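Colleague: Sequence and predicted structure are below.
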Amino acid sequence: MRKLMVAGNWKMHGSRQTTQSLLESLKQSAAPLTHIDVVVFPSFIYLPQAQTLLTNSAIAYGAQNLYPGNAGAFTGEIAASMLVDLGCRYVLIGHSERRALFSETLTLIAEKFQAALAASLIPVLCIGETLAEREAGQMEAVLKKQLDSIIEKAGISSFERAVIAYEPVWAIGTGKTATPEQAQQAHAYIRQLLSGADANIAKTTRILYGGSVKADNAAGLFAMPDIDGALVGGASLEATSFLAICQAAVVRQEMVRA
Ligand code: PEP
């Protein structure tokens with residue numbers, strides 16, 4: 001049985017003060033969340049605060065990016081080993097904002113994915129199509145290309161220690177979430193792609209949905225058989241909404257276990 005996960009991508013938001021208050025609020029409410037995995041992704045510079053506040057709590061944390069090289073002359077970059085040094089367990093790889101705004105190629109993303117695994121970090125691989133691609137009937141081709149480039153480089157067995165987030169680009173930060181049926185269709189296709197390489201990996205790999213997940217649409221998404229949680233942007237910046245999404249995942253997890 002796959003354990004649901006709710007992850008918060010804080011993007012380039014926050015300050016020392018908001019990081020402190022948000023993490024304190026999440027920590028205080030984390031006790032009933034033990035049946036699911038809860039992860040937050042603050043900005044790099046607030047990771048030491050996360051380490052101080054979240055060590056020995058039910059909430060894990062990770063980084064939004066890494067550079068796929070060891071220590072060296074890479075000005076401004078952060079190595080996987082540095083994230084491990086700060087107690088990170090997870091790292092986002094291939095977020096659509098990095099693909100689009102920072103020109104990350106399939107090759108670079110695959111290198112980052114592999115660097116994460118080599119450092120024993122759990123990569124959360126983000127894949128998804130743009131609106132133009134969806135409207136042109138290319139959703140499946142895009143998802144296949146994004147997933148295949150990882151499987152070719154890192155091997156299908158790498159998904160024993162990785163999480164996938166399906167994030168349709170048109171739903172990110174737009175308030176226009178995919179319907180549960182649209183999301184389910186994409187998730188089932190991703191699972192089918194995994195299954196083509198390894199049926200067992202397909203069964204065990206968690207596939208999160210991301211794209212304008214809010215407290216009022218989370219339960220509908222989590223009711224879908226191939227949706228194993230959410231990667232949440234905007235709604236993760238406020239404790240009440242993020243915790244409500246976590247609570248919807250707890251309810252779903254309990255239902256599946258019953
Ligand atoms: C994201 O950035 O990964 C995301 C899903 O953002 P939002 O929830 O704000 O759409």
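Modeller: Thanks, I have it. Numbering: from 1, shown residues only.
Colleague: and the residue in the stretch 151-258 of the chain positioned nearest to the ligand, what does it touch?
Modeller: Using CB to the nearest ligand atom, Gly233 is the residue of the stretch 151-258 of the chain that sits closest to the ligand, at 2.1 Å. (Glycine included, C-beta is placed from N, CA and C.) Under the criterion of CB atoms under 8 Å, 6 or more residues apart in numbering, the contact list for Gly233 reads 8-9, 11, 172-173, 210, 212.
Colleague: In CSV, list those along with pLDDT.
Modeller: Output for these, formatted as CSV (pLDDT from 0 to 100):
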residue, pLDDT
Gly8, 98
Asn9, 98
Lys11, 98
Ile172, 94
Gly173, 87
Gly210, 98
Ser212, 95
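Colleague: secondary structure class for the residue lying farthest from the centre of the chain?
Modeller: Distance from the C-alpha centroid of the chain, by CA atoms, centre = their mean, peaks at Ala73 (28.9 Å). Under DSSP: H, G, I helix; E, B strand; the rest coil, Ala73 falls in the coil class.
Colleague: List the residues that contact Tyr67.
Modeller: Tyr67 touches 74, 77-79, 112, 115, counting by CB under 8 Å, 6+ apart.
Colleague: That one - nearest residue in space that isn't next to it in sequence?
Modeller: Excluding the flanking residues, the one nearest Tyr67 by CB to CB, 6 or more residues apart in numbering is Glu77, at 3.5 Å.
Colleague: List the contacts of the residue farthest from the centre of the chain.
Modeller: Ala73 neighbours (CB under 8 Å, 6+ apart): none.
Colleague: Would you mind measuring from it to Tyr67?
Modeller: 11 Å (CB to CB, to the nearest Å).
Colleague: Repeat that for Leu117.
Modeller: For Leu117, the distance to Tyr67 - CB to CB - is 15 Å.
Colleague: Run a quick check on the residue nearest to Tyr67 versus Gly69, I expect a contact.
Modeller: Yes. If you go by CB atoms under 8 Å, Glu77 and Gly69 touch, sitting 7.2 Å apart.
Colleague: what about the residue nearest to Tyr67, how many residues close to it?
Modeller: 13 (other CB atoms under 10 Å).
Colleague: in what helix or strand does it lie?
Modeller: Assigned by DSSP states H and E, Glu77 belongs to no helix or strand.
Colleague: How about Gln184, nearest residue that isn't a chain neighbour?
Modeller: Closest to Gln184 by CB to CB, 6+ apart is Met224, at 4.0 Å.
Colleague: Could you pull up phi and psi at Asn56?
Modeller: In terms of degrees, to the nearest 10, the main-chain angles of Asn56 are phi 70, psi 20.
Colleague: Could you tell me how far it is located from Arg89?
Modeller: 13 Å.
Colleague: Many thanks, have a good one.
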